[in-house]
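J.: mind folding the following:
(one chain, ligands or ions: 2)
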Amino acid sequence: MVTKAVPFVVIEGLDGAGTTTQSEALAERLRREGWGVSTSCEPSEGPIGTLIRQMLTGRVVVPDEGGGRPVGRETLALLFAADRLDHIEAQVEPALAAGCVAISDRYYHSSLVYQGDIDGEERVDYGWVRELNARARVPDVTIFLEASVEVCMARLSGRGGQRELYETYEKLGRLERRYDEVMTMLAGEGQPIVRLDASLEREALAEAIWDVVKRVLPA
Ligand SMILES: Nc1ncnc2c1ncn2[C@@H]1O[C@H](COP(=O)(O)OP(=O)(O)O)[C@@H](O)[C@H]1O
Ligand SMILES: Cc1cn([C@H]2C[C@H](O)[C@@H](COP(=O)(O)OP(=O)(O)O)O2)c(=O)[nH]c1=O
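T.: Numbers count the residues shown, from 1 in each chain. Ligands and ions are numbered 1, 2, ... in the order given. Next up, the predicted model:
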């Protein structure tokens, strides 16, 4: 009999879809069921992820006469890809090797959606971003929390805190369409992607996620 290995699980979705909430809920559920668990996120808590967060919040900028402008899209795409490989090496692979289920809040799907956008408008080029991420392992299952911009914005305004670069209504609308496109593209290539309705109430969504994850756990 072939024994399945512990899975690498990714939870994806627009800002405000509830990926942080559901990653934590899934980790808690797994622990209750007796599994070892490692949770992490992207941008990661490692050195490159920390730098990226400073770029997204405007703490690190490209100097110019007006006091600094946002770091370029290509630079960010490269940094996200580098952070991903560092995240896998430093957190995901050691966790899996120790027999723990690894959960990542966001992964390369986010890079395709957010950095696949060439000019912040309607032109998209996934090719280069895919190349940059070609060495990142494919998750055993990706749970895509599908949410409308309206739901995300309502949740983000409830959460408070500093708004990041991508959290505006218009941008979220474009990103919502991109998510649909990217998930359809990757699922079409055979990647294991499950779409769930993120507008569900917290516990119902956690239960739906559990139904998916328990199917990829070793017997
Ligand atoms: N299913 C849900 N129903 C209602 N509110 C939710 C739900 N999931 C999360 N929230 C709330 O919405 C906000 C954003 O959730 P969060 O998990 O931080 O989203 P993300 O990590 O995807 O940006 C938080 O204030 C959280 O408490
Ligand atoms: C992983 C990743 C995230 N991002 C963006 C999406 C988020 O707007 C931002 C920060 O993520 P995060 O702080 O996790 O936001 P949230 O809690 O709302 O999910 O980084 C990318 O642009 N590319 C990527 O590859």
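
J.: please count neighbours and contacts with C-alpha atoms only from this point.
T.: Will do.

J.: could you pull up the residues touching the residue nearest in space to the middle of the chain?
T.: Taking CA atoms, centre = their mean as the criterion, Arg106 is the residue nearest the geometric centre of the chain, at 1.2 Å. Residues counted as contacts of Arg106 (CA atoms under 8 Å, 6 or more residues apart in numbering) are Val10, Ile11, Glu12, Gly13, Thr19, Cys41, Glu42.

J.: among these, which one has the most neighbours?
T.: Among the contacts of Arg106, the one with the most neighbours (other CA atoms under 10 Å) is Glu12, at 28 neighbours.

J.: and Asp15, which of the three is it?
T.: coil (DSSP: H, G, I helix; E, B strand; the rest coil).

J.: what's the separation between the closest residue to it other than its chain neighbours and Gly13?
T.: Sequence neighbours aside, Cys152 is the residue nearest to Asp15 in space, at 6.5 Å (criterion: CA to CA, 6 or more residues apart in numbering). Look at Cys152 and Gly13: by CA to CA, to the nearest Å, they are 10 Å apart.

J.: check Ser157 too.
T.: Applying CA to CA, the value for Ser157 to Gly13 is 17 Å.

J.: ranges for the strands of the protein?
T.: In the chain, the strands defined using DSSP state E lie at 8-12, 37-41, 101-105, 141-146, 193-197.

J.: possible to save those strands as TSV with mean pLDDT?
T.: Below are the strands of the chain laid out as TSV (pLDDT from 0 to 100):
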stretch	mean pLDDT
strand 8-12	98
strand 37-41	98
strand 101-105	98
strand 141-146	98
strand 193-197	98
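
J.: figure out which of those is closest to Ala81.
T.: Ranking the strands of the chain by proximity to Ala81 (CA to CA) places strand 37-41 first, at 13.4 Å.

J.: quick check: angle from the longest helix anywhere in the chain to strand 8-12?
T.: Longest helix in the chain by number of residues (criterion: DSSP state H): helix 169-188. Using axes from the mean of the first three to the mean of the last three CA atoms, to 10 degrees, the inter-axis angle of helix 169-188 relative to strand 8-12 is 150 degrees.

J.: cool, thanks, talk later.
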